[in-house]
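In: make a model of this:
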Amino acid sequence: MSVLRAVPVRIRAALLMGVVSLAMAGCQTDRIVTGSVPADYRDRHPIQINEGIRSVQLFVGSGRAGLTPEQRALAGGFASQWRRYGSGPLTIELPAGTANEMASSHTVRELQSVLASSGVPLRAIQVRSYQTQDPSNVAPIRLTFPALKAQVASRCHAGQEDLGPTINSKSDQNYSTRNFGCATQQNLAAQVANPEDLVQPRNEAPAYAARRRNVLEKYSKGQDPSTIYNSTNNGKVSNVGN
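Out: Numbering: from 1, shown residues only. Predicted coordinates for the structure are as follows:
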């Protein structure tokens, strides 16, 4: 204490501030380290929305030009996907330098007609060629367009942790492992039809007017507005086992 009293007041204040600053810096460092691994699996494996490519392939033989009925239906369905999810032009990619190059080029007009009749404007259709690695093979006509895609950036089963009852295990501390929830996030991103549904809800669909009118009429008459189901077999699905 005698030594501290010999130190001027200003120097003692500066030393005290320095000690406090070091302590706060140490606490801040601990927060960064412990907070670098989120506890919630949705934070560890977040679903990101990026722009990907949707594609479909149509094989046209070298001795025949034109589309089969199945290919016309496939192209029409792909056009419907473009109208709903497309975020760019629809591209027709024709093989070049292959045995079916001429047959594929003669199919472009029919393919453009199918796409246009399915709701794709001609100005939104692009045609270009692509090279294949093996010219002797029959290459497909590829239809592609950019669209939003949900995906998880992290990989599952990367750096598996110790799950056994050892000193380094997290099971004794009731912590979830790093890979926990990764497969669920991957499956959800792969199955969602519209990635925007993960960000915001859709607008409500219009009410069923006929059912609403029937309910209001019964309510105004004092009747029971609930639906009454008449079953001839007392609610049984089938007579199996009777």
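In: in stretch 185-200, what's buried?
Out: 185-186, 189, 195 (16 or more other C-beta atoms under 10 Å). All C-beta spots, glycine's among them, are computed from the backbone N, C-alpha and C.
In: so what pairs up with the residue nearest to the spatial centre of the chain in the strands?
Out: Among the residues of the chain, the one closest to the centroid is residue 150, at 2.3 Å (C-alpha atoms, centre = their mean). Beta-bridge partners for residue 150, by DSSP bridges, are residue 49.
In: residue 124: which of the buried residues of stretch 185-200 is nearest?
Out: Lowest distance from residue 124 to the buried residues of stretch 185-200 (C-beta to C-beta) belongs to residue 195, with 21.2 Å.
In: roughly how far does the nearest residue to the closest one once chain neighbours are set aside sit from residue 199?
Out: Closest residue to residue 195 apart from its sequence neighbours, by C-beta to C-beta, 6 or more residues apart in numbering: residue 150 at 3.9 Å. In this view, residue 150 and residue 199 are 10 Å apart by C-beta to C-beta, to the nearest Å.
In: residue 155 now?
Out: Taken as C-beta to C-beta, the span from residue 155 to residue 199 is 23 Å.
In: what about residue 212, is that helix, strand or coil?
Out: Look at residue 212: counting by DSSP: H, G, I helix; E, B strand; the rest coil, its state is helix.
In: er, residue 51 I mean
Out: strand.
In: about what we covered before: farthest-apart pair in the buried residues of stretch 185-200, please.
Out: Top of the distance list for those (C-beta to C-beta): 186 and 195, 13.9 Å.
In: strands of the chain, start to end?
Out: Using DSSP state E, the strands of the chain run over 47-58, 90-96, 125-131, 141-152.
In: okay, now the domains of this structure?
Out: Under the assignment automatic domain parsing, the domains of the chain span 7-40+158-184, 48-152.
In: least reliable of the ones you listed by average pLDDT, please.
Out: For the domains of the chain, mean pLDDT drops lowest on domain 7-40+158-184, to a mean of 60.
In: how near is residue 103 to residue 207?
Out: Relative to residue 207, and taking C-beta to C-beta, residue 103 is found at 53 Å.
In: between those two, which is the more surrounded one?
Out: residue 103 (19 against 8; other C-beta atoms under 10 Å).
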